[in-house]
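Asks: I'd like to go over a predicted model; first the sequence, then the structure.
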Amino acid sequence: MGDWRDHYAERHRETDEVADMVSDGDHVILSVREPFGLCLALAARADELRDVHLFTLAPSYDFGWYEEGFQDNFDITIGYPTAIAAEAIAADRLDIYPGALSPSLAPLGYVTGEIPTDFYFVEVSPPDEHGYCSFGVALWDKRQMAKVAKTVVAEVTENLIRTHGENYIHVSEIDYFVDHVPTGRTPGQSGTLAGRPVKAPEPYLADIAEHVGRYVEDGATLQIGVGRTTEALVKLGMLDDRRDLGFHSELTVPGIISLVRRGVINGSRKRTYPGKVVATSVGGGSLEEIQWADGNPLFELLEAPKIMDVRVIAQEERFVAINNVLSVDLTGQVAAESLGSRLVGQAGGQLIFVVASWHVPRGHSIQVLPSTAVGGTQSRIVPRHPEGTVVTTPRNIVDKIVTEYGVAELKGRTLRQRAEALIAIAHPDHRDALRASAQYL
């Protein structure tokens, strides 16, 4: 092969040209944060196509194909429910991949090649002087997908940052390149990590931040998951007076990059990836914070299976997993994915980090939630979960549950002790009803 610049120039195409390559029945995989121009061009061909199988890990944009009337054209599967696809999920217009305990234990069929991938559409940065493109703020499974797909098409986007780690691909591994079509959205202004609009933090979140912060020692390594509660805690001062913290998580929630800038998070006591902030996606902050991570050697983006590996995490001396949940019953069963049979989220890496924390000598798994929902009328601590509820963390591996009213330490407790501890952190207005219906009191 000649110089990579020749390959890059010869393989440039218009988005419409690439969309025209897709045929009925093809499997088309869309990267995390779908390539906007490529997807618009594909959506424009909807009337010409039948049974095109689309998979995207987490819908970021609305291309119309989640609406009624496109089911004969696009057979859609997603990995993580977001607000964009909520109506389609409720109407059963798409399928959902539930994930696995760890991507390394049960990889997605597209990643292994078990399900043939005809096209992989992905965003990349322009190549550097050596011919390497960056995947920007999110890596996840992009390198793996590019290896198994028959045809890899990259939408080249000027505003993608570069990080260290495994967050790169050489132009020789890409079949076609198209120019980016702007979305009109600015990085760092897209709302919460789960795709919801940003709201002012509720007053009770400061109390949750204080309770959780008590379990974070100097030198601890942190994992913090997605969710309206967890995403607020760092910016509410949960870690402000700590020193030498490490970070090992799927993604960086709001406030993490600021703590790296201040030196609060420096990884100096980490046993794995010392001196590094490791994740598979970096973001959750302002545009200025994201740009600060650009090219910064402190940040290493690794593929998801390496981030979610119990064997790696368990080498730490102190590890604190902090995750958002929806409800918990009085035996300690934790639901983080559904409200009854209505699916509103996925476990992601939550359970793997819970399991990992149990293997760390001074580890903690902390699962957080407000005490109530629906304006205070419903308790999130319940006698039993409604029928159809997905249990994310089984009761035999639950550790600590936190609401604004305190901490229920459940590890090593009997069922009666668990019920008493959970009622103590329920909203006062609901405690009597919980006691009356508690089976183990």
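Replies: On my side now, so go ahead. In this text, all values refer to a predicted model and were calculated from it rather than measured experimentally.

Asks: what are the buried residues along the lowest-mean-pLDDT helix or strand in the chain?
Replies: Between all helices and strands in the chain, the lowest mean by mean pLDDT, DSSP states H and E belongs to helix 109-112, at a mean of 78. Of the residues in helix 109-112, 110-111 count as buried by neighbour count, 16 or more other C-beta atoms under 10 Å. (C-beta placed from N, C-alpha, C; glycine too.)

Asks: quick one: list the elements packing against that helix.
Replies: Secondary-structure packing of helix 109-112 (3 or more C-beta pairs under 8 Å, 6 or more residues apart in numbering; DSSP states H and E): helix 142-148.

Asks: export the helix or strand following the helix it packs on as PDB, just CAs?
Replies: Once the chain leaves helix 142-148, the next helix or strand it forms, by DSSP states H and E, is strand 151-156. The C-alpha coordinates for strand 151-156 follow below in PDB (Å, rounded to 0.1, in the frame of the first residue of the first chain):
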ATOM      1  CA  THR A 151     -17.400  -2.000   5.200                       C
ATOM      2  CA  VAL A 152     -16.300   0.700   7.600                       C
ATOM      3  CA  VAL A 153     -17.500   4.300   6.700                       C
ATOM      4  CA  ALA A 154     -16.100   7.200   8.700                       C
ATOM      5  CA  GLU A 155     -17.700  10.600   8.900                       C
ATOM      6  CA  VAL A 156     -14.700  13.000   9.400                       C
END
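
Asks: need the contact partners of strand 151-156.
Replies: 13, 15, 18, 21, 35-38, 118-126, 133, 146, 169, 173-181 (C-beta atoms under 8 Å, 6 or more residues apart in numbering).

Asks: quick one: pLDDT of the residue nearest to I381 when sequence neighbours are not counted?
Replies: Residue nearest to I381 in three dimensions, not counting chain neighbours: A426, with 4.3 Å by C-beta to C-beta, 6 or more residues apart in numbering. With respect to pLDDT, A426 has a value of 98.

Asks: who touches A426 in this structure?
Replies: 371, 379, 381, 403, 405, 434.

Asks: what's the closest non-adjacent residue to S60?
Replies: Per C-beta to C-beta, 6+ apart, closest to S60 is R33, 4.8 Å.

Asks: do the same with G225
Replies: Nearest one to G225, counting by C-beta to C-beta, 6+ apart, is N323 at 4.0 Å.

Asks: just to be sure, A433 is in a helix?
Replies: Yes: according to DSSP: H, G, I helix; E, B strand; the rest coil, A433 belongs to a helix.

Asks: contacts only, for it.
Replies: So A433 contacts S379 (C-beta under 8 Å, 6+ apart).

Asks: counting neighbours, what do you get for G295?
Replies: For G295, the count of nearby residues is 12 (other C-beta atoms under 10 Å).

Asks: which element is it on?
Replies: Counting by DSSP H and E, G295 is part of no helix or strand.

Asks: and the helices in the stretch 101-250 of the chain?
Replies: 109-112, 142-148, 204-213, 230-233 (DSSP state H, counting those that start in this stretch).

Asks: number of residues surrounding N73?
Replies: 19.

Asks: again, but for the one 5 residues further on
Replies: Using other C-beta under 10 Å as the criterion, I78 is surrounded by 23 other residues.
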